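*Asks:* take a look and give me a structure for this.
(chains A and B)
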Protein chains: 2
Amino acid sequence: MVVATDGFRPLDEKSLVDYIKATPTLCAQLGNQVDGLAVKEVGDGNLNFVYIVIGAAGSLVIKQALPYIRCIGESWPMTKERAYFETLALQEHGRVCPNHVPEVYHFDRPMSLIAMRYLKPPHIILRKGLIAGIEYPLLAQHMSDYMAKTLFFTSLLYHSTSEHKRAVAEFCGNVELCRLTEQVVFSDPYKVSQYNRWTSPYLDRDAEAVRDDDCLKIEVAELKSKFCERAQALIHGDLHTGSIMVTSDSTQVIDPEFAFYGPMGFDLGAFLGNLILAFFAQDGHADKGNDRQAYKQWILRTTEETWNLFQKQFISLWDEHKDGNGEAYPVSIYNKPELQLLAQKRYMANLFHDALGFGAAKMIRRIVGVAHVEDFESIADASKRAYCERRALDFAKMLLKERRRFQTINEVISAIQEIPAF
Amino acid sequence: MVVATDGFRPLDEKSLVDYIKATPTLCAQLGNQVDGLAVKEVGDGNLNFVYIVIGAAGSLVIKQALPYIRCIGESWPMTKERAYFETLALQEHGRVCPNHVPEVYHFDRPMSLIAMRYLKPPHIILRKGLIAGIEYPLLAQHMSDYMAKTLFFTSLLYHSTSEHKRAVAEFCGNVELCRLTEQVVFSDPYKVSQYNRWTSPYLDRDAEAVRDDDCLKIEVAELKSKFCERAQALIHGDLHTGSIMVTSDSTQVIDPEFAFYGPMGFDLGAFLGNLILAFFAQDGHADKGNDRQAYKQWILRTTEETWNLFQKQFISLWDEHKDGNGEAYPVSIYNKPELQLLAQKRYMANLFHDALGFGAAKMIRRIVGVAHVEDFESIADASKRAYCERRALDFAKMLLKERRRFQTINEVISAIQEIPAF
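*Replies:* As a prediction, the model looks like this:
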């Protein structure tokens, strides 16, 4: 039982309506027609309660953070202040990339409650679309746009160090969510932990091999240090395919409650790594009617295009703003086209290797850590699921350890395509 | 003219006495005998006013930060809040390394005034001792002790990420001092700047070559990013040989007003780089009575020993505290001696290359940037001074660009010894 001590009350579908009626901005958003609102709780994420509210003259989504992790329960407490950082991130990312971030209408800090735009049907969670085998022709373009803008405009390529340090300090407050990532991504999978699980008994030896792989553990420690120490940009912090809602022509990024100033590669890796997980899951979803071969190729093309378009747009933002306030490469020093090109090449090479490393770490933790992905979980046949998971795990381990030998995303895609069937 | 608006008054030798008499902790420190105090302003640094106060029954030093940079004047404003961060750093570093950090007696934030232990004669500034050719047999041991303790105990090898993020956020407030470093170390020397100077006309071409060296500028940008983004430990931030007071058996580190959570290699590099500058300056101080050859070898031995002892002690602190709260390498994961050894080896190799890079950057900026070092400045003959400076500059440029090919400090020392006379 959660007891209110600080103005906080957990809402339900009924009390939410009273809350809305008492809140003028929300009434206005609903066209001031708040009788007979349809309210539906739809939070299928791991952490929060999410309500869709539909009235006669408007709609919205209400998200409330409770002081524990929903999917585990009150035994794993988690600050509800995460709603504050989620709001900050939605606003900051929405400012630089409004096309792919839902608008925030209202934030109530004591209640840890955010009201935002309702992403109407046919919007669905991207992960579900990938499981269903649906192609999204604009996905690579939209996601590269989102990542290029949110990462570039919150980095020292655009900000002065004064603005940067102020923002870094603020997001240091989101430490509990960072600690959750540190534990479930960078620690638990590499040791015996009560939270870990995997498709047993098939992957028992594989999980053990992860815990016994010294080389892997050394690489993971380097990535963890980067995650904990490097304030490169305001990252989403949890940019997997379950944090993205899509239609054929809309892509919306939600749920940035893990946002903080961290390494850009963490967001890039999360998205690319989860696409690659979706690729490896396809064999488990193939049936007589659809062998998923064409869809697998679409996923790989999307993976490739995402990085290539991201790189292109990130560099063009850099070129466009090179005379601005950004202090990483002042134009007074990096004053020749060939020098700027050299700087960009070095920057993108480092970012690429970070993205591959973080992406691989995110893949591994989804197979032998606490939180799995529906891509695999929805494969009912455990031995088939284990087959898909093992292929993904083996690839991710190789990628984490050998990421520095890849120079282009095409080389990564080729490596995936060359994996033989077991 | 500085006008008080916030409880701040700049003191002078006379008003300081009234301040002391009105401050019980200071009176107590002086044994409550505050008549006939001898007060002497001795601030020969670039930034602040420093008073030595000696009474019949006690002594202390008072340091007051003014809202501009002393050596430049009111035309270069600089927050006096730096005194707050200096105090925090003195206290935090003093807690983990009391033998090499003077005790803080009193801090007055509105007045930006710190009272601390008076480091009595024969304490002198290390830089002056190096110019005079004095050997300090314990210097390497003391400085490696100071750096190992202050850096280890404020890093994620010892701290939880909760403690770390809280401290990182606080020191983000010291942004103005960080910005000063960013400008004078990582930017100005690589472009035309009104503040730059060098031994002209001798080094005109050398200064120009620094501004035209693309490879150097790419490397400097990487180091600058690390300086701005990587919160690895609470670093002193200005650990040159002018921030250290010594006798034959005491080594005291002062003036950490540039302190913030940054890359450890910045402190290590500052100290090692300034020793190497002292080495290259010796030829300018040689005379018939003393060719300084033996002293040059002592400086190199001290440089070598400092790194080697630092590495040894840092690793032994790591071993000692491996079961503690540090979250970078939890013992539950890094659970075998050979794995921990591998982790330490990788960590120290990265730190070594950071130290060489930052050290080289600090050398370069002292020759072609705004703030020079007395080691060279005290060489009256400009052509002789330019000769020494050029050798140091050439070595530093090579080191910055090729630092990754050095595996041990011995290799660096050998490279210095192999530089031919021009």
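
*Asks:* what sits against the residue nearest in space to the middle of chain A?
*Replies:* Residue closest to the mean C-alpha point of chain A, counted by CA atoms, centre = their mean, is A:Leu239 at 0.8 Å. Counting by CB atoms under 8 Å, 6 or more residues apart in numbering or on different chains, A:Leu239 makes contact with A:147, A:253, A:267, A:270-271. Where C-beta positions appear, they are placed from N, C-alpha and C, glycine not excepted.

*Asks:* name the nearest residue to it, ignoring sequence neighbours.
*Replies:* By the measure of CB to CB, 6 or more residues apart in numbering or on different chains, the closest residue to A:Leu239 outside its immediate chain neighbours is A:Ala270, 4.1 Å from it.

*Asks:* my guess is that neighbour contacts A:His240. True?
*Replies:* Yes - A:Ala270 is within contact range of A:His240, at 5.3 Å (criterion: CB atoms under 8 Å).

*Asks:* which of these two has more residues huddled nearby?
*Replies:* A:Ala270 (27 against 20; other CB atoms under 10 Å in any protein chain shown).

*Asks:* relative to B:Val373, how far out is the more buried one?
*Replies:* Computed as CB to CB, to the nearest Å, the A:Ala270 to B:Val373 distance reads 47 Å.

*Asks:* could you do A:Ala148 as well?
*Replies:* For A:Ala148, the distance to B:Val373 - CB to CB - is 43 Å.

*Asks:* which residues of the stretch 201-350 of chain A lie near chain B?
*Replies:* Taking CB under 8 Å from any CB of the partner chain as the contact definition, the stretch 201-350 of chain A meets chain B at A:214, A:217-218, A:221-222, A:224-225, A:228-232, A:327-330, A:332-336, A:338-339, A:342-343, A:346.

*Asks:* the residue nearest to A:Leu239: what's it in contact with?
*Replies:* A:236, A:238-240, A:358-359, A:362.

*Asks:* so which of those is the closest to chain B?
*Replies:* A:Phe358 (15.8 Å; CB to the nearest CB).

*Asks:* mind listing what's buried in the helix or strand containing that closest one?
*Replies:* Using DSSP states H and E, A:Phe358 sits within helix A:337-368. By neighbour count on 16 or more other CB atoms under 10 Å in any protein chain shown, the buried set for helix A:337-368 is A:339-340, A:342-344, A:347-348, A:351-368.

*Asks:* that helix packs against which elements?
*Replies:* helix A:204-211, helix A:214-229, helix A:264-285, helix A:293-320, helix A:382-402, helix B:214-229 (3 or more CB pairs under 8 Å, 6 or more residues apart in numbering or on different chains; DSSP states H and E).

*Asks:* got the phi and psi for A:Val370?
*Replies:* phi -70, psi -50 (degrees, to the nearest 10).

*Asks:* check the one 3 residues further on too.
*Replies:* Phi and psi for A:Val373, reported as degrees, to the nearest 10, are phi -110, psi 150.

*Asks:* surely it meets A:Ile125?
*Replies:* No - assessed by CB under 8 Å, A:Val373 is found out of contact with A:Ile125, at 11.3 Å.

*Asks:* who touches both of these two?
*Replies:* Joint contacts of A:Val373 and A:Ile125 (CB under 8 Å, 6+ apart) are A:241-242.

*Asks:* which one's more surrounded, the two?
*Replies:* Using other CB under 10 Å, the more surrounded residue of A:Val373 and A:Ile125 is A:Val373, with 23 against 19.

*Asks:* gap between the more buried one and chain B?
*Replies:* To chain B, A:Val373 is 23 Å away according to CB to the nearest CB, to the nearest Å.

*Asks:* who touches that residue in this structure?
*Replies:* So A:Val373 contacts A:127, A:240-242, A:274, A:277, A:281, A:366 (CB under 8 Å, 6+ apart).

*Asks:* closest one of those to B:Leu113?
*Replies:* A:His240 (52.0 Å; CB to CB).

*Asks:* quick one: the closest one from A:Met143, how far?
*Replies:* Distance from A:His240 to A:Met143, by CB to CB: 12 Å.

*Asks:* give me the common contacts of those two.
*Replies:* Joint contacts of A:His240 and A:Met143 (CB under 8 Å, 6+ apart) are A:Phe271.

*Asks:* right, and A:Pro263 touches A:Ser225 too?
*Replies:* No - applying CB under 8 Å, one finds A:Pro263 not in contact with A:Ser225, separated by 9.9 Å.

*Asks:* between the two, tell me which one has more neighbours.
*Replies:* Neighbour count, other CB under 10 Å: between A:Pro263 and A:Ser225, A:Pro263 has more, with 27 against 22.

*Asks:* who touches that one in this structure?
*Replies:* Here A:Pro263 is in contact with A:226-227, A:230, A:232, A:235, A:354, A:358 (CB under 8 Å, 6+ apart).

*Asks:* go again using 6 Å as the cut-off
*Replies:* The neighbours of A:Pro263, taking CB atoms under 6 Å, 6 or more residues apart in numbering or on different chains as the test, are A:226, A:230, A:232, A:354.
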